[in-house]
Each structure stands twice: as C-alpha cells, then as structure tokens.
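[1] Predicted coordinates and the sequence they were generated for:
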Amino acid sequence: MPRPVASARTEIHCHLLPGIDDGARDLDDSVDMAAVAAADGTATILATPHVRSDFVTDVSILPELVAELRANLALAGVKVEVHCSGELGHELVGRLGQVELETIASGPSGRRWLLVEAPFDGLGEEFTAATGELRARGFGVVIAHPERSPGVLEGCREALGLEIERGSLLQVNQWSLTGGHGAEAEAAGLALLRQGRVAVLASDSHPGWRRPTLSVGAAAAQAAGLDAGSAALLVTDRPASLVRDGIAAPVGTGA
Ligand SMILES: [Fe+2]
C-alpha cells in the first residue's frame with residue numbers, strides 16, 4: 001500500500017510584504033522569508049500585514065504589493081504561493097468598508113473569514129463588539145495569537161469563551177509554544193493546545209528570530225503531548241482547509 005504523501009504546509013500569519021509594517025523591510029527580506037518557508041515545506045503563505053492605525057490603514061495598496069512580490073519570487077525561483085490578507089486590529093473594524101474587508105479576507109465566497117489580532121492589553125468588550133460586527137457583516141473570525149493577550153485564561157476567560165461559543169477559531173503562534181513570547185504566552189498557548197482549542201498554528205513571522213518555519217510549530221505541538229499526526233495537521237491540513245474551504249457563514253451577530 002503506498003504511503004500517504006505528507007501534506008504541504010500552509011502559513012496563515014506572516015508579515016511578508018515589504019516596507020509597510022514591522023515585518024519585511026524590503027523586497028530582499030520578503031524573498032528571504034519566503035525562501036526559508038519554502039525550504040521548510042510551506043507551499044502557501046497568506047501575507048498578513050498589520051491593518052491598524054499605526055501601520056496599514058489603506059488596504060487598497062495590498063493587492064499590487066502582493067502581485068509585485070509574486071513576480072519577484074518567480075524571478076528568484078522561490079516556489080511558494082502568496083495570497084493577499086491582513087492582520088486586522090479590532091479598533092479599525094468600524095472604519096473599514098465591505099470592499100476593504102473583502103480585500104484582506106480569505107476563503108471562498110460565502111465562507112470568507114478575517115484574521116483579527118488579539119489585543120496586547122487583553123480581550124474586552126470592544127474586541128467582542130468588533131468580532132460581533134464582523135460576523136454581522138458576513139465574516140468568520142480567526143483570532144491571531146490569543147495566548148499573547150495577558151490574562152486570556154484568567155481575567156479574559158469570559159471574553160475568550162464568548163468568542164469560541166460564537167465560532168471564532170484560535171490561531172496560536174508557534175513561537176509562543178517555544179517560549180519566544182515569554183512565560184505567560186507559553187503557558188497560555190500550551191494550555192489552549194492541550195485543551196484542544198487551537199485550530200491552527202502559524203509563525204507570525206517577522207525578520208529575525210520569528211522565522212516562517214512551520215516545522216517548528218509541529219514539533220512544539222508534539223513535544224507538548226499531541227501525537228505526530230495531530231501536531232502536523234495544525235500546520236498542514238487545518239490551515240490549508242481554512243484557505244481553500246473557509247469558515248461556515250456566521251449565524252447571528254453574537255452581539
Ligand atoms: Fe502578526
């Protein structure tokens with residue numbers, strides 16, 4: 001019986017676009033990061049610059065930047081597919097029109113979703129209201145690095161519980177599991193993982209130590225106690241399915 005072919009890895013959180021946030025500084029950085037990801041077995045990357053008041057506020061520039069990067073990757077022989085996306089700050093939700101949200105959403109029509117950044121001052125009512133608005137406007141929600149929000153398993157447990165109840169999926173940073181974001185994020189990330197609440201792992205890569213090597217995430221999940229197959233799924237089929245199949249259309253606003 002032929003052995004199943006290992007699935008390619010899919011990265012849904014990566015600051016790959018050059019010069020527009022605290023990620024890749026220029027095209028050389030972008031190509032280097034993509035090459036590292038490709039060498040590690042990643043076939044698809046969602047380019048997710050910070051869409052928030054201190055970085056990108058005009059998302060109409062993103063598709064052209066992605067096209068330019070794709071052309072440069074082809075020239076450099078880096079075989080990785082890059083899609084336009086964004087890491088949305090919840091405070092910007094009410095200021096973006098539907099077309100703008102569509103520009104940074106992923107998934108097929110009717111099953112579109114957005115990557116929403118968990119605030120570094122904790123989940124609270126404003127965050128809950130923002131994700132409720134996104135659902136009301138037809139988008140599923142994937143929460144980026146909830147484990148990095150202080151007190152997410154204690155003071156903010158109720159807010160996180162509401163998100164899970166309303167269908168938000170959790171994306172934990174692989175580097176949290178290895179201690180890169182500090183002891184609290186490590187403990188919260190590991191707890192969410194062991195509770196089976198993590199839908200997907202991502203690198204949240206920036207130039208420097210947060211490399212886009214998803215093999216690290218799979219290894220960290222396995223070291224945390226998951227079997228090898230389940231650990232691998234967090235960086236292969238799960239994120240691939242999010243990109244290909246999206247998230248079932250939200251029902252109700254949860255507001
Ligand atoms: Fe990020």
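    Alright, I've got the coordinates. Residues are numbered from 1 along each chain as shown.
[2] Output the below-cut-off pLDDT ranges for the chain.
    Within the chain, the stretches with pLDDT under 70 are 1-6, 251-255.
[3] what does it put close to the ion?
    E87, D204 (Cβ under 5 Å from the ion). Placement of C-beta: from N, CA and C, glycine included.
[4] what about the helices in the chain?
    Per DSSP state H, the chain carries helices over the ranges 27-39, 62-76, 98-104, 125-136, 157-165, 174-177, 183-194, 214-223, 228-233, 237-245.
[5] now, of the ones you listed, which is deepest in the fold?
    Ranked by mean neighbour count, those are led by helix 174-177 with a mean of 26 (mean count of other Cβ atoms under 10 Å).
[6] From the ion, how far out is D237?
    22 Å (Cβ to the ion, to the nearest Å).
[7] related to what we said a few turns ago, now distance to V51 too, for the helices of the chain, in TSV please.
    Formatted as TSV, the helices of the chain follow (distance: least, Cβ to Cβ, whole Å):
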stretch	distance to V51
helix 27-39	18
helix 62-76	9
helix 98-104	6
helix 125-136	13
helix 157-165	19
helix 174-177	21
helix 183-194	22
helix 214-223	23
helix 228-233	28
helix 237-245	18
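[8] Quick one: closest of these to L201.
    With respect to L201, and counting by Cβ to Cβ, the nearest of the helices of the chain is helix 214-223 at 3.8 Å.
[9] And the contacts of the closest one?
    9, 11, 37, 40-42, 174-175, 177-178, 193, 201-203, 228, 230-232, 234-236 (Cβ atoms under 8 Å, 6 or more residues apart in numbering).
[10] quick one: that helix to helix 237-245, angle?
    Counting by axes from the mean of the first three to the mean of the last three Cα atoms, to 10 degrees, helix 214-223 lies at 130 degrees to helix 237-245.
[11] coming back round to it: which stretch among the helices of the chain comes nearest G110?
    Of all the helices of the chain, helix 237-245 comes closest under Cβ to Cβ, at 10.8 Å.
[12] which secondary structure elements does that closest one contact?
    With contacts defined as 3 or more Cβ pairs under 8 Å, 6 or more residues apart in numbering; DSSP states H and E, the packing partners of helix 237-245 are strand 9-14, strand 42-47, strand 198-202.
[13] Return the most buried member of those strands.
    Comparing those by mean count of other Cβ under 10 Å gives strand 9-14 as most buried, with a mean of 29.
[14] could I have that one exported to CSV, CA atoms only?
    Output of strand 9-14 as CSV, limited to C-alpha atoms (Å, rounded to 0.1, in the frame of the first residue of the first chain):
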residue,chain,number,x,y,z
ARG,A,9,2.4,23.3,5.0
THR,A,10,0.2,26.4,4.9
GLU,A,11,1.1,29.6,6.7
ILE,A,12,-1.9,31.9,7.6
HIS,A,13,0.0,34.6,9.5
CYS,A,14,3.2,36.2,8.1
